[in-house]
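Student: coords please:
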Amino acid sequence: MKKLKKKTHEKKTYFNDKKMLKKLVFFELFWYNIYMKKIADFNEISKEKLYKLYIEEIKKYEALEAKYLKLELELAEKVKKLEEANFQLVQRNKTLFGKKREINNNDQNDFNEAENGETTENNKVKEEPKKKSRTKEKNTLTRDFLEAHYSEVVVLTPDEIKWNKELIKIGEDVTFKVESFPARTKIIKVISTKYIDSKEGKIYQKIKDDIYPHSFCTPSFASEVIYNKFILGIPYYRQEEYLYSDSIHISRQNLCNYQLKTSEIVKPMYDYLIHKLKNTEIKVLHADETSLQVLNVDKEKCYVWLFNSSFYEKPIFIYKFSPTRSRDVPLKFLEDYSGYLISDCYSGYNDIPNVTNSYCWVHARRNFIEILDSVPNELKKDSISQKVVNEIDEMFRLERTYREKIFTAEKIKELRNEGEFKEHLDYVFEIIEKANPESNSRLEKAINYILTRKDSFLEILNDGHLELSNNSAERGVKPFVMARKNFLFSNTSNGAESSVIIFSILQTAIANGIDAKLYLKTLIEKIGTNPSKNELENLLPWKINL
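Tutor: Numbering: from 1, shown residues only. Have a look, this model is predicted:
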């Protein structure tokens with residue numbers, strides 16, 4: 001039995017050797033052609049003829065082997081295309097039907113790129129824990145908010161109180177109701193009386209300062225329609241219909257003209273916000289870009305670029321329009337800026353003088369997440385991609401802890417360069433540097449995405465103000481993308497320029513926790529012509545009195 005087992009083992013090893021197997025097949029075919037096909041009697045074949053037959057069979061074998069190799073390569077290429085098609089299908093289904101955020105199955109709060117709102121039923125007010133933030137808390141319907149903002153009180157008492165003198169008050173139940181009053185548009189008649197001096201013949205008349213001369217528009221009306229378009233996503237043609245139903249006939253073209261005029265009025269604030277952004281104390285900016293269709297521009301796609309301040313500064317969001325995605329846009333915008341720029345790995349942000357790139361770890365993680373989408377569940381746990389994702393998740397978990405404990409930037413830098421955070425960061429590079437991925441595979445591309453930009457991914461060790469992700473810029477782009485879906489496109493480049501000015505003003509106001517519509521109205525009324533630096537400083541969203 002032992003001998004038989006040994007022979008069986010040797011035979012198995014022998015047939016697993018592809019080269020030996022090919023040689024065996026060749027010689028089997030060679031002798032088959034000689035004996036079975038009766039090419040010649042072995043005893044009558046001369047040495048020269050046998051050699052000639054051998055050479056002929058060698059040529060046939062090589063031709064077959066070449067054909068086999070060709071088919072093998074074609075099959076490998078088709079398998080690769082099939083895997084790519086399957087990957088694209090998985091990503092498409094995930095985009096259409098999956099969740100719109102990246103999550104870690106172990107901790108669903110790590111990568112929520114938008115806050116989850118909670119609702120309450122049966123008119124009960126839910127107490128929410130206070131969150132530490134650089135801005136004012138959002139006006140969610142908490143008990144504290146409702147107590148501070150109610151405008152009317154309704155007291156309900158039993159009817160029996162009128163006649164039953166024995167009733168004693170033992171408590172009360174408090175609920176809140178929200179009533180809605182439709183926006184009301186009114187027409188104001190302005191009469192400017194004229195007087196003449198009967199002796200000197202001089203005429204006296206008071207002329208009201210009109211920001212929108214020769215039109216029906218006012219600051220309140222302009223802020224209303226602009227807010228409706230850019231924040232609520234109501235196109236001008238729908239607002240035209242709504243106004244018409246209220247017996248006010250103002251065309252969408254006039255609404256567009258009011259927007260253009262408004263952007264001219266508030267442009268000094270837009271320029272001043274750019275100045276404030278590029279001269280921040282922290283010297284850390286975020287950047288991202290998205291496409292925009294402009295009808296009367298000879299390009300299929302134009303672009304809107306976003307530059308915003310860091311977590312540690314007052315929120316400023318600046319949108320810039322450009323017909324192209326050329327690096328000339330960030331190069332020109334940042335020409336007088338010196339500091340860090342957090343972004344994805346788009347090459348347009350590279351090699352800008354006095355700018356140091358720090359790359360987003362969420363983008364790096366996303367490449368491995370996409371790979372895991374097409375990996376069977378039973379293989380995910382031990383895959384390289386899963387290990388990398390787990391380590392990056394731990395880095396973000398620790399980073400969130402630092403924020404919750406309100407550590408200084410110096411303390412965060414210290415913690416990143418030693419202890420648990422550094423261990424996870426080093427292990428990420430250890431995993432990907434030791435990996436041996438298949439050439440041109442998605443894993444190789446995901447690994448090279450990090451390794452070819454290693455220095456920029458490690459910039460987080462040099463400054464505690466640097467964030468691990470570029471989520472603030474992506475969140476800043478998202479409102480424009482949502483608004484773009486509603487009004488579809490701009491008609492001209494002037495309209496696009498006007499849109500980015502307005503959008504910058506509104507989004508900066510919202511980020512600072514103030515009423516964006518009221519801020520725009522107040523800014524239109526107070527900014528005047530050629531405002532001074534001090535006047536603009538007092539009109540900043542975090543300083544203005546509304």
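
Student: what are the boundaries of the strands in the stretch 101-250 of the chain?
Tutor: 194-196, 203-205 (DSSP state E, counting those that start in this stretch).

Student: which strands and helices lie in contact with the last one?
Tutor: Other helices and strands packing on strand 203-205, by 3 or more Cβ pairs under 8 Å, 6 or more residues apart in numbering; DSSP states H and E, are strand 194-196. Any C-beta I mention is one placed from the backbone N, CA and C, and that applies to glycine too.

Student: what's the spacing between the strand it packs on and its chain's center?
Tutor: Relative to its chain's centre, strand 194-196 lies at 61 Å (Cα atoms, centre = their mean, to the nearest Å).

Student: ok, the residue nearest to Cys360 when sequence neighbours are not counted - contacts?
Tutor: Spatial nearest neighbour of Cys360, chain neighbours left out: Asn470 (3.8 Å); criterion: Cβ to Cβ, 6 or more residues apart in numbering. If you count contacts by Cβ atoms under 8 Å, 6 or more residues apart in numbering, Asn470 has them with 286-288, 342-344, 360, 362-363.

Student: at 6 Å instead, please
Tutor: 286, 342-343, 360 (Cβ atoms under 6 Å, 6 or more residues apart in numbering).

Student: so how far is Ser358 from it?
Tutor: 9 Å (Cβ to Cβ, to the nearest Å).

Student: does Ile196 touch Gln205 like I think?
Tutor: No. Taking Cβ atoms under 6 Å as the definition, Ile196 is not a contact partner of Gln205, at 9.5 Å.

Student: what strands line up against the helix or strand where Ile318 lies, and which way round?
Tutor: In this assignment (DSSP states H and E), Ile318 forms part of strand 317-322. Looking at strand 317-322 with DSSP bridges, its partner strands are strand 302-309 (antiparallel).

Student: contacts made by the partner strand with the rest, please.
Tutor: 277, 280, 285-292, 294, 316-323, 325, 329, 473, 476-477.

Student: and if you look at stretch 259-266?
Tutor: For stretch 259-266, the surrounding residues in contact (Cβ under 6 Å, 6+ apart) are 222, 226, 498, 501-502, 505, 523-524.

Student: now the buried members of these.
Tutor: 222, 226, 498, 501-502, 505, 523-524 (16 or more other Cβ atoms under 10 Å).

Student: mind listing which of these are in helices?
Tutor: If you go by DSSP state H, those have 222, 226, 498, 501-502, 505, 523-524 in helices.

Student: spatially, which two of the residues you listed are the most separated?
Tutor: Longest distance between any two of those is 15.2 Å, between Ser498 and Leu523; criterion Cβ to Cβ.

Student: centre-most residue in the protein?
Tutor: Computing the C-alpha centroid of the chain and ranking residues by Cα atoms, centre = their mean puts Glu474 first, at 2.9 Å.

Student: so which elements touch the helix or strand harbouring it?
Tutor: Using DSSP H and E, Glu474 falls within helix 471-487. Contact here means 3 or more Cβ pairs under 6 Å, 6 or more residues apart in numbering; DSSP states H and E; on that basis helix 471-487 packs against strand 284-292, strand 302-309.

Student: at 10 Å what do you get?
Tutor: helix 219-230, helix 236-245, strand 284-292, strand 302-309, strand 317-322, strand 339-343, helix 361-373, helix 493-511 (3 or more Cβ pairs under 10 Å, 6 or more residues apart in numbering; DSSP states H and E).

Student: great, nothing more from me.
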